[in-house]
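**Q** fold the stuff below for me.
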Amino acid sequence: MNASANDNQQTEVLAKLGRVAVLMGGDSAERGVSLKSGAAALAALQRKGIDAFALDLRFKQEEASICQQLNANPFDTAFIALHGRGGEDGVIQGVLEALNIPYSGCGVAASAIGMDKLRTKLVWAGAGLSTPAFELIKSEVIAEQVTDDLLAGIEQSLSFPMMVKPAHEGSSIGMNKADDKTSLRDALNTAAQYDSEILVEQWITGKEYTGAVLQGQALALIRLETPREFYDYQAKYVSDDTTYLCPCGLDEQLEKQYQALVIDAFECVGAQGWGRVDFMCDEQDKAWLIEINTVPGLTDHSLVPMAAKNNGIEFDDLIVKILLTAHSI
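**A** Model prediction:
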């Protein structure tokens with residue numbers, strides 16, 4: 001099929017999408033990032049001539065339920081730019097399916113698994129994919145008291161240093177490195193403010209990479225470098241001293257090997273459409289899967305647009321491609 005035929009086919013598909021609501025905001029800890037992602041996606045769609053508008057959903061709004069908010073602003077297709085709970089965990093996907101509204105990105109089950117770091121790791125481990133060892137701690141245990149016995153048990157299982165993270169948050173919110181029992185106690189107390197389940201994870205020393213997936217294709221890998229202890233919220237969205245290497249500097253064969261792993265990890269949880277898989281490479285070049293993002297950021301600091309550009313896909317075209325992943329079109 002030549003380029004002209006492809007353009008005509010895309011125009012016909014876009015016409016079927018009708019009016020597009022860019023769903024953004026929400027009530028999660030990632031609300032601010034979501035508003036930025038949504039604004040960027042909306043502007044891109046409008047530049048492409050698509051009839052799109054912003055819809056800031058509030059899941060905890062007492063005046064109107066999510067269904068009422070959606071029905072008050074009729075639309076034909078949803079572009080999901082909601083990050084975190086409510087938007088990235090299968091909730092909004094389930095509501096849209098009940099309303100028979102096509103939406104971009106992953107379905108209900110994959111979204112729910114991908115937002116849950118524990119269940120994602122269990123799926124990967126069950127499929128024989130490498131992911132760091134971990135201990136699961138319930139926040140009610142921490143609420144009573146972080147005992148010396150608890151700290152000693154975790155140290156015996158994993159040894160320092162460790163990564164402590166809420167199981168259901170994104171954007172590195174609530175995450176901290178623990179180098180000793182004192183910092184482990186503090187990290188557990190911090191994570192418990194965000195979640196009922198907390199992962200204490202084996203620390204992997206090495207290089208950090210992320211792999212974007214778009215319509216079944218692994219895009220160019222990005223290597224992340226930060227002077228901070230790890231790629232935390234500040235490094236992701238605030239700091240100007242984070243370095244993004246794309247091309248990532250790997251030899252072609254090794255990059256293809258890691259890209260194949262990214263696709264395996266993505267498809268293993270049932271993900272489809274678009275997303276991102278983060279992994280670490282230790283000093284022996286072994287890759288360790290860290291987490292999956294089923295609605296990655298689309299801000300000026302975001303990684304999927306960066307990888308797409310390296311693959312020759314400009315931002316506006318990327319947003320259209322993401323929209324075209326909408327279910328049922």
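**Q** what's the weakest-modelled helix or strand in this structure?
**A** Counting by mean pLDDT, DSSP states H and E, the weakest-scoring helix or strand in the chain turns out to be helix 233-237, with a mean of 52.
**Q** the following helix or strand past that helix - contacts with which helices or strands?
**A** Downstream of helix 233-237, the first helix or strand assigned by DSSP states H and E is strand 243-245. The contact analysis (3 or more C-beta pairs under 8 Å, 6 or more residues apart in numbering; DSSP states H and E) places strand 243-245 against strand 222-225. For glycine as for every other residue, the C-beta is placed from the backbone atoms N, C-alpha and C.
**Q** dump the strand it packs on to PDB, restricted to CA.
**A** Taking Å, rounded to 0.1, in the frame of the first residue of the first chain, the C-alpha atoms of strand 222-225 are listed here in PDB:
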ATOM      1  CA  ILE A 222      16.300   5.300  26.200                       C
ATOM      2  CA  ARG A 223      19.000   5.100  28.800                       C
ATOM      3  CA  LEU A 224      18.300   7.300  31.800                       C
ATOM      4  CA  GLU A 225      21.000   9.000  33.900                       C
END
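**Q** and it, what's buried?
**A** 222-224 (16 or more other C-beta atoms under 10 Å).
**Q** now swap in stretch 308-321 and tell me
**A** For stretch 308-321, a neighbour-count test (16+ other C-beta under 10 Å) marks 308-310, 313, 315-316, 318-321 as buried.
**Q** now do it, average pLDDT.
**A** Average pLDDT, stretch 308-321: 95.
**Q** want to throw the buried residues of stretch 308-321 into CSV with distance to K181?
**A** Output for the buried residues of stretch 308-321, formatted as CSV (distance: C-beta to C-beta, whole Å):
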residue, distance to K181
A308, 43
K309, 44
N310, 43
I313, 47
F315, 46
D316, 50
L318, 45
I319, 47
V320, 51
K321, 48
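**Q** in helices, which of those residues appear?
**A** Among the buried residues of stretch 308-321, the members found in helices (DSSP state H) are 308-310, 315-316, 318-321.
**Q** okay if I get those as CSV plus distance to V108?
**A** Formatted as CSV, those follow (distance: C-beta to C-beta, whole Å):
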residue, distance to V108
A308, 26
K309, 31
N310, 31
F315, 28
D316, 29
L318, 24
I319, 23
V320, 24
K321, 22
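**Q** confidence score at S302?
**A** 86.
**Q** just the helices in the chain please.
**A** Going by DSSP H, the chain shows helices at 3-17, 31-47, 66-71, 91-98, 108-115, 117-126, 139-144, 148-158, 181-192, 233-237, 252-268, 303-310, 315-323.
**Q** okay, and the beta partners of the spatially most central residue of the chain?
**A** Geometric centre of the chain, nearest residue: N293, 2.1 Å, by C-alpha atoms, centre = their mean. On the basis of DSSP bridges, N293 is bridged to R276.
**Q** I'd like the buried residues of strand 222-225 laid out as CSV, including distance to Y209 and pLDDT.
**A** Shown next, in CSV, are these (distance: C-beta to C-beta, whole Å; pLDDT from 0 to 100):
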residue, distance to Y209, pLDDT
I222, 7, 96
R223, 5, 93
L224, 7, 89
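**Q** which single one of those residues is nearest to E197?
**A** L224 (25.8 Å; C-beta to C-beta).
**Q** what are the bridge partners for that closest one, then?
**A** Bridge pairing for L224 (DSSP bridges) gives the partners E208, Y244.
**Q** that one contacts C246, correct?
**A** No - contact criterion C-beta atoms under 8 Å: L224 and C246 do not qualify, at 9.8 Å.
**Q** coming back round to it: which one of the helices of the chain has the lowest average pLDDT?
**A** Lowest mean pLDDT within the helices of the chain: helix 233-237, a mean of 52.
**Q** which phi and psi values does S65 adopt?
**A** Main-chain torsions, S65, degrees, to the nearest 10: phi -70, psi 170.
**Q** gap between it and K165?
**A** Applying C-beta to C-beta, to the nearest Å, the value for S65 to K165 is 31 Å.
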